[in-house]
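In: need a structure here:
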Amino acid sequence: MRESKKTAKSNAMPRPIETPSELADRTAPRLRARRRRLLATLAAAAAPGAVAGFLLGLQARGVATAPALAGAVGPFLYAGFTGLMTMAAGGLAAVLLDVRAQPRAVASAPVTPPEAAAEALALPPAAPPARVEAARGMIDAVTAAQALVDQLRREAALLEGLDDGVFALDAEGVLRFANPAALAVWRRPAEAVSGQPFFALFPSLADSPLSEALKEVLAQRQPRRLEAVLAPFGGDVLLGLAPTAGGATVRFRDLTRLRAAEAALKAAEAKLQLALEGAGMASWDLDIGSGEMRWTPRLFDLLGLPQTPALLGHVEDWLALVHPKDLAAVKEGWFGAHRNGARFRSLHRILRRDGEPRWLEAYGSLTGDGAQGRFMGVVHDVTARQQAEERLHQLSREIDHRAKNVLFTIQAIIRLTPKQDPERFAIAVDGRIAALARAHQLLAREGWGQVSLRDLALGELSVCGPEAAIDLAGPSVLLAPTAVQPLAVALHELAVNAVAHGALSRPGGAVTLRWAPQPEGTLLLTWQERGGPPLAGAPARKGLGRRVIDSAVTDQLEGQISHAWEPAGLTTRVTLPASRFELPWQSAEPGATLRAAPPPAAGRGAVLQGARILVVEDEPMIGAALTAMLVQFGCRVVGPATGLDAALKRVLEAAEPFDLALVDVNLNGRDSFPVAELLAGRGVPVIYLTGYAELPEERLALAAGMLRKPVDPRELQTALGRVLALQGRPRV
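Out: This is a model prediction of the structure:
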């Protein structure tokens with residue numbers, strides 16, 4: 001009858017939600033009362049004549065013997081006392097009885113179940129063995145209750161600290177427990193939902209995936225996981241359902257932030273991949289724990305290896321392609337990074353599976369702790385950069401070699417040129433040095449690479465004068481850098497000889513220069529003069545010009561040369577080996593007649609007489625040479641100004657205006673453009689003097705002309721006369 005009333009009362013009033021912490025707090029007073037009853041019973045059950053019956057509790061913390069006693073349960077006999085000891089949660093519990101007047105042997109009995117402890121509390125006084133058994137059962141009951149309380153407290157701390165929502169339902173779907181995270185998502189206090197039917201609280205979930213999953217869990221007693229969009233839970237959630245003795249527990253996690261984080265991660269990975277691909281880079285990711293290494297597709301491409309399933313790569317496949325001279329350094333860097341946790345950096349050569357050599361630069365570092373870390377890095381194909389650096393190094397050595405050769409050639413020209421006639425000597429030396437300079441300019445313009453044969457011929461044959469008739473014909477041919485200077489010297493000597501003694505020494509004479517590839521792979525150049533003075537045969541002696549031509553072709557170009565002095569004129573044939581030229585395509589270009597600038601008008605040289613010319617040049621010898629040439633032309637020279645500041649001061653403090661200025665582009669490492677801008681603002685025409693192959697277009701807009709060093713006197717005189725004539729300066 002009492003039981004039925006209790007049941008009716010339970011059904012009539014819903015049980016409130018009780019957290020593990022609350023359950024522990026509710027259970028603790030009952031446990032303390034049971035302990036007090038146990039002590040009272042032990043005191044009442046003490047045998048007559050016994051010293052006392054008592055309970056000894058020791059805190060396990062700090063007691064050296066406590067670990068050795070863990071799990072020890074049973075009676076003991078020591079120094080006239082008998083008793084029972086056991087490890088309770090957090091300490092040692094023992095009952096001691098003075099049985100020195102009792103028999104010393106005590107028979108052990110089976111451990112009394114915890115359920116019998118309550119009945120043992122009401123046992124009347126009995127013989128010592130019976131009292132010991134009763135005490136033992138009570139100690140077990142207290143120990144079990146204390147362990148339960150401790151477990152509940154731990155579970156309470158765990159559940160209350162979770163970010164995930166957790167709630168429990170009984171078999172009828174009544175809400176029995178909810179942690180603070182779940183209540184926060186629902187925005188309802190515990191008393192508002194305590195003991196209420198769950199689907200009555202949230203009607204929208206009655207036919208949801210959660211209700212279906214809950215039915216399966218209760219029926220099949222198996223856990224379930226699913227993802228669903230549930231408005232009461234905040235949207236997209238991950239659900240974990242597990243059966244319990246009286247119902248089921250549900251754990252849910254909001255996936256909204258997780259989805260956003262995943263989207264941000266994917267976006268970041270996409271940007272990283274785009275950046276890597278844009279930079280021509282690849283990456284690897286080595287899981288040290290599992291040894292699994294993943295490569296990006298680009299890394300397979302760089303190494304020339306086929307892609308593997310799941311993009312799994314292996315460092316040994318990489319090392320197998322490394323150049324033997326670089327292999328030891330790469331291995332030491334790779335495995336040293338693993339041993340010492342240092343950063344990995346390697347610049348090495350590989351030979352791809354297809355035989356193509358490549359330069360790779362790799363960077364990597366360890367992340368994480370030891371065996372659970374990762375070794376990640378990137379690889380960049382730097383073949384073009386390394387080739388450019390190697391080319392730059394070779395170019396530097398080549399320029400140094402060429403500069404020394406040019407200086408030695410100039411020295412030889414000066415020594416070998418006949419000096420009987422000073423004027424002819426100066427003209428011959430100037431012309432030969434100018435030929436070297438034009439070749440140098442072409443090489444500089446092409447980055448010290450191949451030079452067009454047509455461009456070289458046009459430049460060298462322009463010295464023949466504006467009225468010279470020179471026809472050029474042949475396919476497009478690129479000369480090797482080593483062939484440019486010797487061929488320039490040879491063509492210059494042929495041109496000078498034609499002007500002085502050959503076809504171009506009289507009106508009506510003409511020169512034809514043709515070139516064509518030969519079946520054996522060589523290139524044949526044919527120089528033919530017609531319309532000049534009749535020739536009676538080969539000259540009696542071999543002059544300097546012929547010696548220079550023959551030496552340039554046979555010694556420097558390693559080619560062949562022949563001369564035929566026919567009555568109609570000279571014919572010279574030059575054969576170049578295949579190593580000295582390249583044919584980009586075989587189509588022949590149409591013939592072209594060389595025409596220089598129109599001849600100067602009569603009396604144009606007169607405009608130079610008395611012209612006031614400012615010279616800005618930082619090299620003293622070049623400045624002195626320019627001054628001498630200008631004085632010879634009849635000009636008045638101001639300067640030379642050897643620096644930027646000095647040149648600006650000359651212009652600002654000039655008492656008389658300048659008619660023209662010759663300005664070196666580079667003045668001791670500083671651009672002279674401010675001087676040109678100042679002069680142009682005052683209406684003074686400027687002719688740039690430069691050793692550069694090209695100048696920026698915006699700078700050329702300020703100039704009336706440009707002459708490249710070394711400056712030929714005739715070119716300088718022509719340029720000065722043309723500019724001054726266009727300025728309208730009266731002739732003196």
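
In: low-confidence regions, the protein specifically.
Out: Per-residue confidence for the chain (pLDDT under 70) gives these ranges: 1-162, 268-280, 369-371, 398-413, 415-419, 466-467, 585-605, 692-701, 728-732.

In: tell me the domain boundaries of it?
Out: Here the domain assignment for the chain is 12-158, 162-254, 259-381, 389-594, 604-727, based on automatic domain parsing.

In: Asp455 is in contact with Leu491, correct?
Out: No. The criterion here is C-beta atoms under 8 Å, and Leu491 misses it with Asp455 at 11.8 Å. Every C-beta, even on glycine, is put in place using the N, C-alpha and C of the backbone.

In: ok, Ala568 - contacts?
Out: Taking C-beta atoms under 8 Å, 6 or more residues apart in numbering as the definition of contact, the neighbours of Ala568 are 530, 534-535.

In: buried ones in the host helix or strand of Val723, by neighbour count?
Out: Per DSSP states H and E: Val723 is located in helix 713-727. By 16 or more other C-beta atoms under 10 Å, the buried positions in helix 713-727 come out as 713, 716-725.

In: cool, and stretch 556-569?
Out: Neighbour counts using 16+ other C-beta under 10 Å place 556-557, 559, 561, 569 of stretch 556-569 among the buried residues.

In: those residues: which two are farthest apart?
Out: Greatest spacing in the buried residues of stretch 556-569, by C-beta to C-beta: Gln556 and Gly569 (26.3 Å).

In: sorry, back to before: Asn497: which of the buried residues of helix 713-727 is nearest?
Out: Looking at the buried residues of helix 713-727 and their distance to Asn497, the nearest is Pro713, at 20.0 Å (C-beta to C-beta).

In: who's in contact with the closest residue to the closest one other than its chain neighbours?
Out: Of all residues beyond its chain neighbours, the one nearest Pro713 is Met629 (5.2 Å), with distances taken as C-beta to C-beta, 6 or more residues apart in numbering. For Met629, the residues meeting the contact criterion (C-beta under 8 Å, 6+ apart) are 711, 713, 716-717.

In: measure Gln727 to Asp326 for me?
Out: Between Gln727 and Asp326 the distance is 64 Å, computed by C-beta to C-beta, to the nearest Å.

In: next one: Arg294
Out: Relative to Asp326, Arg294 is positioned 24 Å away (C-beta to C-beta).

In: and for Glu520?
Out: Here the distance between Glu520 and Asp326 works out to 42 Å (C-beta to C-beta).

In: those two: who's more crowded?
Out: Under the criterion of other C-beta atoms under 10 Å, the comparison of Glu520 against Asp326 puts Asp326 first, with 16 against 8.

In: is it true that the more buried one touches Pro357?
Out: No. With contacts counted by C-beta under 8 Å, Asp326 stays clear of Pro357, the gap being 11.5 Å.

In: test my guess that Pro223 contacts Leu239.
Out: No. Counting by C-beta under 8 Å, no contact exists between Pro223 and Leu239, whose distance comes to 10.6 Å.

In: if we can go back for a sec, more neighbours, Leu491 and Asp455?
Out: Legend: neighbour count by other C-beta under 10 Å for Leu491 and Asp455, higher for Leu491 (25 against 15).

In: make sure that one is indeed in a helix.
Out: Yes. Residue state for Leu491 (DSSP: H, G, I helix; E, B strand; the rest coil) corresponds to a helix.

In: got the contact list for it?
Out: Contacts were defined as C-beta under 8 Å, 6+ apart; by that measure Leu491 touches 435, 456-457, 460-461, 513.

In: which parts of the stretch 101-250 of the chain are strands?
Out: 165-170, 175-178, 224-230, 235-244, 247-254 (DSSP state E, counting those that start in this stretch).

In: out of those, which comes closest to Ala703?
Out: The closest of these to Ala703 is strand 235-244. By C-beta to C-beta, the value is 71.2 Å.

In: only alpha carbons, please: show the closest one as CSV.
Out: What follows is strand 235-244 as a C-alpha-only set of coordinates in CSV (Å, rounded to 0.1, in the frame of the first residue of the first chain):
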residue,chain,number,x,y,z
GLY,A,235,20.2,25.2,-37.5
ASP,A,236,22.6,22.7,-39.0
VAL,A,237,23.6,20.3,-36.3
LEU,A,238,25.4,17.0,-35.8
LEU,A,239,23.5,14.5,-33.6
GLY,A,240,24.7,11.6,-31.6
LEU,A,241,22.1,9.3,-30.0
ALA,A,242,22.9,6.6,-27.5
PRO,A,243,20.6,4.2,-25.6
THR,A,244,20.5,4.1,-21.8
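
In: so which elements touch that strand?
Out: Taking 3 or more C-beta pairs under 8 Å, 6 or more residues apart in numbering; DSSP states H and E as the contact definition, the neighbouring helices and strands of strand 235-244 are helix 209-220, strand 224-230, strand 247-254, helix 256-278.

In: note down every partner strand of it and its orientation.
Out: Here strand 235-244 is paired, per DSSP bridges, with strand 224-230 (antiparallel), strand 247-254 (antiparallel).

In: buried sites along the shortest one?
Out: Right, strand 224-230. Residues of strand 224-230 classed as buried: 224, 228, 230 (neighbour count, 16+ other C-beta under 10 Å).

In: again, but for the last one
Out: Within strand 247-254, the residues that qualify as buried by neighbour count (16+ other C-beta under 10 Å) are 247-254.

In: show me what it is in contact with.
Out: The contact list for strand 247-254 (C-beta under 8 Å, 6+ apart) reads 163-171, 176-177, 182, 185, 210, 214, 217-218, 230, 233-242.

In: from the residues you listed, which would you call buried?
Out: Members of these that pass the buried threshold by neighbour count (16+ other C-beta under 10 Å) are listed as 164-170, 176-177, 182, 185, 210, 214, 217-218, 230, 233-234, 236-241.

In: which stretch among the strands of the stretch 101-250 of the chain comes nearest Arg547?
Out: With C-beta to C-beta as the criterion, Arg547 lies closest to strand 235-244 of those, at 93.2 Å.

In: between strand 165-170 and the closest one, find me the angle.
Out: Angle between the axes of strand 235-244 and strand 165-170 is 40 degrees (criterion: axes from the mean of the first three to the mean of the last three C-alpha atoms, to 10 degrees).

In: strand 235-244 to helix 209-220, inter-axis angle?
Out: Here strand 235-244 runs at an angle of 10 degrees relative to helix 209-220 (the same axes, to 10 degrees).

In: what are the ranges of the helices in the stretch 601-732 of the chain?
Out: Ranges of helices within the stretch 601-732 of the chain are 620-633, 644-652, 673-681, 697-700, 713-727, based on DSSP state H, counting those that start in this stretch.

In: tell me which of those helices sits nearest to Ser346.
Out: Counting by C-beta to C-beta, and looking across all of these, nearest comes helix 697-700 at 43.4 Å.

In: quick one: end-to-end distance for stretch 492-506.
Out: Across stretch 492-506, the straight-line distance between its terminal residues is 19 Å, by C-alpha to C-alpha, to the nearest Å.

In: neighbouring contacts of it?
Out: Applying C-beta under 8 Å, 6+ apart, the contact partners of stretch 492-506 are 428, 431-432, 435, 460-461, 463-465, 468-469, 509-511, 527, 529-533, 545-546, 548-549, 569-570, 572.

In: any of those buried? List them.
Out: Among the contacts of stretch 492-506, those classed as buried by 16+ other C-beta under 10 Å are 428, 431-432, 435, 460-461, 463-464, 468-469, 509-511, 527, 529-532, 545-546, 548-549, 569-570, 572.

In: next up, phi/psi of Leu458, please.
Out: Main-chain torsions, Leu458, degrees, to the nearest 10: phi -60, psi -40.

In: now for the helix or strand where Ala444 lies, which elements pack on it?
Out: Element membership of Ala444 [criterion: DSSP H and E] is helix 422-445. Contact analysis of helix 422-445 by 3+ C-beta pairs under 8 Å, 6+ apart lists helix 383-416, helix 453-461, helix 481-500 as its packing neighbours.

In: on that earlier part again, among the buried residues of stretch 556-569, which ones are in strands?
Out: Counting by DSSP state E, those place 561, 569 in strands.

In: list the residues that contact the closest residue to Thr575 other than its chain neighbours.
Out: If the residues on either side of it in the chain are set aside, Thr575 comes closest to Gln560, at 4.4 Å by C-beta to C-beta, 6+ apart. Gln560 sits next to 553-554, 574-575 when contact means C-beta under 8 Å, 6+ apart.
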